[in-house]
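> take this sequence and fold it.
(one chain, ligands or ions: 1)
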Amino acid sequence: MSDGGARTTRRGILFVVSAPSGGGKTTLVKAALETDPELSLSVSLTTRQPRVGELDGRDYFFVSAEEFNRRRAAGEFAEWAEVFDHAYATPRGPLEDSIENGRDVLLDVDIQGARALKKLYAGDAVGIFVVPPNFAALEARLRARGTDSEEQIARRLQRVRTEMSATAETDVYDYRIINEDRDRAASEIRTILAAERLRLTRVPDPTLD
Ligand code: 5GP
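Below you'll find the model as predicted:
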């Protein structure tokens, strides 16, 4: 079968990663991006202030509430959600461009975001839930990060209790990574990427050529 000389690549895959706060997701996401040149990060917009070391346009697009609302009203977002008093959104344009052009994308979003993206891009999205091995490990990780006040930590921990139940949402999440050992978790995420890229639906059938 001829492809007419047109596109020969498959569609891009959206790897949607979520985790309870402090689940060690950020480190894992960074490791995946560093070791996989075929993968890019979907950079979200947020109304929160940048943390030390974060760069505008790399980690997030840091915008005012006014700009966020304007762009939301203009239909620029694939999904958006309020998390800890701030708004976060996934820009739609670059995401759909990546899918159409066969570029795989990693998205670091909360559970609301994962639900929305899995619904909107069914067939193209893969949900991965990263969980800490236990509650004590999570609390220790939040403190070690040193970016949140005691009050913020308490709120995050409370939220985690609710969030953990989302791991049972099998229509949203396809994989669960227990983040006990950083290297092992990083290797598991690479395994998921590799397996998803080898799905029958994503690999051209050589007998058709
Ligand atoms: P942080 O402020 O710690 O970077 O992120 C807080 C939470 O917001 C994390 O769970 C993160 O995954 C989530 N988040 C970041 N960007 C987005 C987004 O575009 N959409 C949604 N729904 N959640 C996001």
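> what about D181, distance to L28?
For D181, the distance to L28 equals 11 Å [Cβ to Cβ, to the nearest Å]. For every residue, glycine as well, the C-beta is placed using N, CA and C.
> check which helix or strand the residue in the chain positioned nearest to the ligand maps to.
In the chain, the residue that lies nearest the ligand is G113 (2.5 Å; Cβ to the nearest ligand atom). Per DSSP states H and E, G113 falls inside helix 111-120.
> return the list of helices and strands in contact with that helix.
When contacts are defined as 3 or more Cβ pairs under 8 Å, 6 or more residues apart in numbering; DSSP states H and E, helix 111-120 packs onto strand 14-18, strand 77-83, strand 86-91, strand 125-131.
> output these as TSV; include the columns distance to the ligand.
Output for the helices and strands packed on helix 111-120, formatted as TSV (distance: least, Cβ to the nearest ligand atom, whole Å):
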stretch	distance to the ligand
strand 14-18	6
strand 77-83	4
strand 86-91	3
strand 125-131	10
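> which of those strands sits closest to L138?
Among the helices and strands packed on helix 111-120, the nearest to L138 by Cβ to Cβ is strand 125-131 (8.9 Å).
> what residues of the helix or strand just after that closest one count as buried?
Counting by DSSP H and E, the next helix or strand C-terminal to strand 125-131 is helix 135-145. Neighbour counts over helix 135-145 (16 or more other Cβ atoms under 10 Å) mark 138-139, 141-142 as buried.
> can you check the pLDDT for the residue nearest to F84 when sequence neighbours are not counted?
Computed as Cβ to Cβ, 6 or more residues apart in numbering, the closest residue to F84 that is not its neighbour in sequence is R155, at 7.0 Å. Listed pLDDT for R155 reads 86.
> going forward, count from 236.
All set: I'll call the first residue 236, so the last point we hit is now R390.
> R390 belongs to a strand?
No - the assignment for R390, made by DSSP: H, G, I helix; E, B strand; the rest coil, is helix rather than a strand.
> on that earlier part again, export the helices and strands packed on helix 346-355 to TSV and tack on mean pLDDT, distance to E398 and mean neighbour count?
Below are these laid out as TSV (pLDDT from 0 to 100; distance: least, Cβ to Cβ, whole Å; neighbours: other Cβ atoms under 10 Å):
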stretch	mean pLDDT	distance to E398	mean neighbour count
strand 249-253	96	8	25
strand 312-318	96	10	19
strand 321-326	98	15	20
strand 360-366	95	9	23
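> R286: which of those strands is closest?
Closest among these, once you apply Cβ to Cβ, is strand 321-326, at 12.0 Å.
> tell me the angle that closest one makes with helix 346-355.
20 degrees (axes from the mean of the first three to the mean of the last three Cα atoms, to 10 degrees).
> strand 321-326 pairs with which strands, parallel or anti?
strand 280-281 (antiparallel), strand 312-318 (antiparallel) (DSSP bridges).
> neighbours around P255, how many?
25 (other Cβ atoms under 10 Å).
> model confidence for it, exactly?
Looking at P255, the pLDDT reads 80.
> please apply the same query to L443.
61.
> ok, D440 next?
At D440, pLDDT is 83.
> next, count neighbours for it.
8.
> next, P255: secondary structure please.
coil.
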